[in-house]
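1. need a 3D model of the following:
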Amino acid sequence: MSLDANRPRIPLFFAIGLGLSVLMAALKAVAAGLAEAYLYSIPWVGGFLRSIELAEISNWLVFALLGSGIGAATFYLPDRWNIWAKMGLLLAVSPFVFSASYMMQQHLWIQRVATRADISYDEAHNLTIAFLEREAGNGGFFGFYPFSTEVSELPTQRQDLESEQRGNPNKMLTQELSSYNDPKADIVAYVFERVGWLIRFMYMALATLTGLIYYFKGQEWADNRRRTSLEANPEAKIKPKPPRKNNPPL
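-> Okay, the predicted model is just below:
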């Protein structure tokens, strides 16, 4: 089936972009699950690998495929669309793809809570919702995401999740460091409190730059392919004019 550069197929562009985003989100979720099962469980080094979120290295591959795929799919868009209109789909789906691994982490956390407490998944889900509402102010993903940045190990014991007296160990340590009248201790407390966010911002930057670089590579391929199609079909460049109607005589 030949591709006609003069026939935009806008629905096909969105179908490719959305399908690719779902596939890449699934890839990130699988990477997070495998890391939890095989990397983060390694004695001695597993905790460190979890703290630096090693599975998020997959952002390089995931966003390279996502960006290049959506960029190449712009072949099906009209030439009159500007750069921001063509990039809109990539910008819209990127947060969903980036968050897929953290959604998997939340799911696995609830599973561990259910196993430790010997309760059903739904009961464990309700237990974690109540816990996150107390600790982060939101019981859903938007509570889990910032809370998981502040702690190195999520609580899985039922008594820890139900206790209202439980404090955040990381915050307690930073408060203890800040209590010393020492500028060095204040600097250590400041860095320690924000190191989780710094790591995530690093992975966000990696995903953003990779997605944009490979998007433009894919778009360049689409432009070259469109130009080649036009050169191979030169009569398509000239659109036939509608016949002129003769004016009736006065």
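
2. and for Leu154, nearest residue in space, chain neighbours not counted?
-> Trp109 (5.1 Å; CB to CB, 6 or more residues apart in numbering). Any C-beta I mention is one placed from the backbone N, CA and C, and that applies to glycine too.

3. which secondary structure element is home to that neighbour?
-> Element membership of Trp109 [criterion: DSSP states H and E] is helix 83-117.

4. in that helix, what's buried?
-> By neighbour count on 16 or more other CB atoms under 10 Å, the buried set for helix 83-117 is 86-87, 89-90, 93-94, 97-106, 108-110, 113-114, 117.

5. just stretch 29-40 next, same as before
-> Going by 16+ other CB under 10 Å, stretch 29-40 has these buried residues: Ala29, Ala31, Ala32, Gly33, Ala35, Glu36, Tyr40.

6. quick check: the residue positioned nearest the centre of the chain vs Lys28, distance?
-> By CA atoms, centre = their mean, the chain has its centre lying nearest to Phe98, at 0.8 Å. From Phe98 across to Lys28, the span is 8 Å (CB to CB, to the nearest Å).

7. any shared contact partners between these two?
-> Common neighbours of Phe98 and Lys28 are listed as Asn59 (criterion: CB atoms under 8 Å, 6 or more residues apart in numbering).

8. packing partners of the helix holding Trp109?
-> helix 10-34, helix 59-73, helix 121-135, helix 141-150, helix 158-162, helix 183-232 (3 or more CB pairs under 8 Å, 6 or more residues apart in numbering; DSSP states H and E).

9. can you add mean pLDDT and distance to Ile52 and give those back as JSON lines?
-> Shown next, in JSON lines, are the helices and strands packed on helix 83-117 (pLDDT from 0 to 100; distance: least, CB to CB, whole Å):
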{"stretch": "helix 10-34", "mean pLDDT": "96", "distance to Ile52": "14"}
{"stretch": "helix 59-73", "mean pLDDT": "97", "distance to Ile52": "13"}
{"stretch": "helix 121-135", "mean pLDDT": "94", "distance to Ile52": "23"}
{"stretch": "helix 141-150", "mean pLDDT": "92", "distance to Ile52": "12"}
{"stretch": "helix 158-162", "mean pLDDT": "89", "distance to Ile52": "24"}
{"stretch": "helix 183-232", "mean pLDDT": "80", "distance to Ile52": "6"}
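
10. in JSON lines: those helices, plus distance to Ser51.
-> Shown next, in JSON lines, are the helices and strands packed on helix 83-117 (distance: least, CB to CB, whole Å):
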{"stretch": "helix 10-34", "distance to Ser51": "15"}
{"stretch": "helix 59-73", "distance to Ser51": "17"}
{"stretch": "helix 121-135", "distance to Ser51": "19"}
{"stretch": "helix 141-150", "distance to Ser51": "11"}
{"stretch": "helix 158-162", "distance to Ser51": "19"}
{"stretch": "helix 183-232", "distance to Ser51": "8"}
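
11. burial-wise, tell me which of those helices comes out on top.
-> Across the helices and strands packed on helix 83-117, averaging neighbours per residue (mean count of other CB atoms under 10 Å) puts helix 59-73 on top, at a mean of 23.

12. show me what that one is packed up against.
-> Contact analysis of helix 59-73 by 3+ CB pairs under 8 Å, 6+ apart lists helix 10-34, helix 83-117, helix 183-232 as its packing neighbours.

13. understood, closing this out.
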